[in-house]
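Trainee: Structure, please.
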Amino acid sequence: VFFVGWPWLWLDPAKHFHEYFARTTSRAVLNCYYLGQVWADKDVPWHYPFVMFAVTVPVGLHLLGVMGATARLTRSVSEGVAVTAPCLRFGFVCEPREQLVLAAALFPLVLFALPGVAVYDGERLFLVSYPMWAVLIGRGAEVMLGHLRQRAESGQWRMLSSGRFRGAIVALCLLTQSLGVIAMHPCQLSYYNLLAGGSRGADWLGFERTYWGDSITRSFLQRVAASASEGDTIAVSPVLHQFQLDELLMQSPILRARGIHLVAGTESRHAGKTKIAGELFFCRKADLATNEAVLDFDPTSVHAPQVGWLTVWKPSQNP
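Mentor: The predicted structure follows:
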């Protein structure tokens, strides 16, 4: 589908495939924070995509995905009549269609694990693996439902004879897997599963707390605006690209209504001319040069402390 759907590849498949996959390695170097260390994008350890994939999906859904890729309902033969046996069989070799879906899920992870291939932006570059894994998760749920139904039909677990009861069990399982994501609201992009110990465990292990600044929420900006005077200037760190500050103002009527100006944190420190009312940090450690100062802040000044230190507002000590 990838090849057929992109006519540019038809003209010279070998050359254009190489150009496509090499393009990510010929751009400006981007930093990646992983296991407590800042890496250049081409130097990130090979296991980065596999580990990030493992810790950003709820554990229960991973188990369903493994079941969907490896489990099947067996059938026994009794007096020449095929009868479904109430048991599961696990094996490395799954059905061809599951093999295709599994290969589609693994290919991006393997690609970005190759030496010299740039990897950055958390799991963004291999997000295409997640929908394929979701297909296997769905099949795993189907296999589990089928197994419960077989047990009920065999007379072993009679309480499962009701389809509604079996459906309620699956719904309860899915609900428990969503609790962590719900608890992270509205900073779901900072979610880590129990393998990493949640967001706090992930921070202790050296994973990025927040990558996209999604923790700069409406309620946080309201608190910033309330503590600043009209027309004040606020320093923001880190600034990832030249349009970031303008975009933040465009997307925040709260700041615009107060006439607040934004400058890059590094520029404000070096210039020394602009009066700064305070500093706003979101804790993207890959690019936050002043991260050590953030770690020393009073936790009560941190937005959403229950999900880890994601965003910090530090008013100026000398207004």
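
Trainee: Which residue ranges of the chain form strands?
Mentor: 31-34, 37-40, 71-78, 81-90, 233-237, 261-264, 278-282, 302-303, 311-315 (DSSP state E).

Trainee: Which of those strands comes out lowest on mean pLDDT?
Mentor: Ranked by mean pLDDT, those end with strand 302-303 in last place, scoring a mean of 42.

Trainee: pLDDT-wise, which helix or strand of the protein ranks last?
Mentor: Every helix and strand of the chain was ranked by mean pLDDT, DSSP states H and E. The lowest is strand 302-303, at a mean of 42.

Trainee: Keeping just the C-alphas, turn stretch 204-221 into PDB.
Mentor: Once non-C-alpha atoms are left out, stretch 204-221 reads as follows in PDB (Å, rounded to 0.1, in the frame of the first residue of the first chain):
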ATOM      1  CA  TRP A 204      13.000   8.800  37.900                       C
ATOM      2  CA  LEU A 205      14.100   6.300  35.100                       C
ATOM      3  CA  GLY A 206      15.100   9.200  32.900                       C
ATOM      4  CA  PHE A 207      12.300   9.500  30.400                       C
ATOM      5  CA  GLU A 208      11.000  12.900  29.000                       C
ATOM      6  CA  ARG A 209       8.300  14.300  31.200                       C
ATOM      7  CA  THR A 210       6.500  16.300  28.600                       C
ATOM      8  CA  TYR A 211       7.600  16.700  25.000                       C
ATOM      9  CA  TRP A 212       5.100  19.000  23.200                       C
ATOM     10  CA  GLY A 213       4.200  21.600  25.800                       C
ATOM     11  CA  ASP A 214       0.700  20.200  26.100                       C
ATOM     12  CA  SER A 215       1.000  20.800  29.800                       C
ATOM     13  CA  ILE A 216       0.700  24.600  29.200                       C
ATOM     14  CA  THR A 217      -3.000  24.300  29.700                       C
ATOM     15  CA  ARG A 218      -5.800  26.900  29.900                       C
ATOM     16  CA  SER A 219      -5.900  26.700  33.700                       C
ATOM     17  CA  PHE A 220      -2.200  27.100  33.900                       C
ATOM     18  CA  LEU A 221      -2.200  30.200  31.700                       C
END
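
Trainee: Show me the chain divided up by domain.
Mentor: 7-203, 209-315 (automatic domain parsing).

Trainee: per-stretch mean pLDDT over those, give me the minimum one.
Mentor: Comparing mean pLDDT across those, the weakest is domain 209-315, with a mean of 74.

Trainee: what about the helices in the stretch 1-150 of the chain?
Mentor: Under the criterion DSSP state H, counting those that start in this stretch, helices of the stretch 1-150 of the chain are mapped to 7-11, 13-23, 48-55, 59-70, 96-111, 129-153.

Trainee: what residues are up against the closest residue to Met67 other than its chain neighbours?
Mentor: Nearest residue to Met67 in three dimensions, chain neighbours excluded: Gly140, at 3.7 Å (CB to CB, 6 or more residues apart in numbering). For the C-beta atoms, the positions are set from N, CA and C on the backbone; glycine is no exception. Counting by CB atoms under 8 Å, 6 or more residues apart in numbering, Gly140 makes contact with 63-69, 71.

Trainee: For PyMOL, what selects the buried ones among those residues?
Mentor: Selection of buried members from these for PyMOL, criterion 16 or more other CB atoms under 10 Å:
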select buried, resi 64+65+67+68+69+71
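
Trainee: Next, format the contacts of Gly140 as CSV and append distance to Pro131.
Mentor: Shown next, in CSV, are the contacts of Gly140 (distance: CB to CB, whole Å):
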residue, distance to Pro131
Leu63, 18
Leu64, 15
Gly65, 12
Val66, 17
Met67, 18
Gly68, 13
Ala69, 15
Ala71, 21
